[in-house]
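Enquirer: coordinates only, sequence not included:
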Ligand SMILES: [Zn+2]
């Protein structure tokens, strides 16, 4: 029997917010080492604060493996900067796009990074506050800025970034095609989206409305149009990107995509 993925995610987001408050209040003490360091600050200790509990896991019919990685993606955070795995792997994608291993907090102070025109579509987790410091940072948020009809000229940006937004776009290929259009030749799109490992993507058209984050309000901008599976890369390929890489820190808890615009 299938679980209701959308309502699960709204529960998850709610408890992630509670978990972040917990993490924030105690981030300066304790933590466990991992096989990777934080791509945002270089921190080496991580604290896991569960956001799911057995009753909820049973109610949602999550397999133990699914519950574990969804829990870690949102609830495992760097002790030093507080970024969770979703934000950390997005920072890894940015570093890969720029071909550097420097932590993002150091990278943004570099002259090279300051020259880059960066478009962030909706708040990209804890990277938002970091990216906002860049002089050529442009922030576009729905509904003023719709990924399917971006109000920017062709070839404007070196980087386009979004995080857990693509599932809310009615036509994700159209959205990604727009991201590619506004990128300069050779520019890169870096994004995260929740991927359910071992499944293929499916469009929810014709199915009951499903929401992330605002089930009680049913706000249109939270409607989930696509549940992404491990064929996520095909959406970027259909949008015309020429090189598509999947970044993993800890599969499947932390994955991100880097998609390159053909180099002119
Ligand atoms: Zn960190």
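Expert: Noted; the coordinates are in hand. Fair warning: this is a prediction, and the values are worked out from it, not measured in the lab. Numbering: from 1, shown residues only.
Enquirer: quick one: contacts for the closest residue to residue 52 other than its chain neighbours?
Expert: Nearest residue to residue 52, sequence neighbours excluded (C-beta to C-beta, 6 or more residues apart in numbering): residue 71, at 4.9 Å. Where C-beta positions appear, they are placed from N, C-alpha and C, glycine not excepted. By C-beta atoms under 8 Å, 6 or more residues apart in numbering, the residues touching residue 71 are 48, 50-52.
Enquirer: repeat that for residue 229.
Expert: 195-202.
Enquirer: mind telling me what element the residue nearest to residue 52 is part of?
Expert: helix 64-75 (DSSP states H and E).
Enquirer: quick one: name whatever helix or strand follows that helix.
Expert: strand 76-78.
Enquirer: mind giving me the packing neighbours of that following strand?
Expert: strand 45-48, helix 85-97 (3 or more C-beta pairs under 8 Å, 6 or more residues apart in numbering; DSSP states H and E).
Enquirer: so which of the ones you listed comes closest to the ion?
Expert: helix 85-97 (6.8 Å; C-beta to the ion).
Enquirer: now the angle from the closest one to helix 64-75?
Expert: 80 degrees (axes from the mean of the first three to the mean of the last three C-alpha atoms, to 10 degrees).
Enquirer: what are the buried residues along the following helix or strand past helix 85-97?
Expert: Following helix 85-97 in sequence order, the next helix or strand is helix 104-107 (DSSP H and E). For helix 104-107, a neighbour-count test (16 or more other C-beta atoms under 10 Å) marks 104-105, 107 as buried.
Enquirer: repeat that for stretch 133-150.
Expert: 134, 137-138, 140, 145-147, 150.
Enquirer: quick one: end-to-end distance for it.
Expert: End-to-end distance of stretch 133-150 (C-alpha to C-alpha, to the nearest Å): 22 Å.
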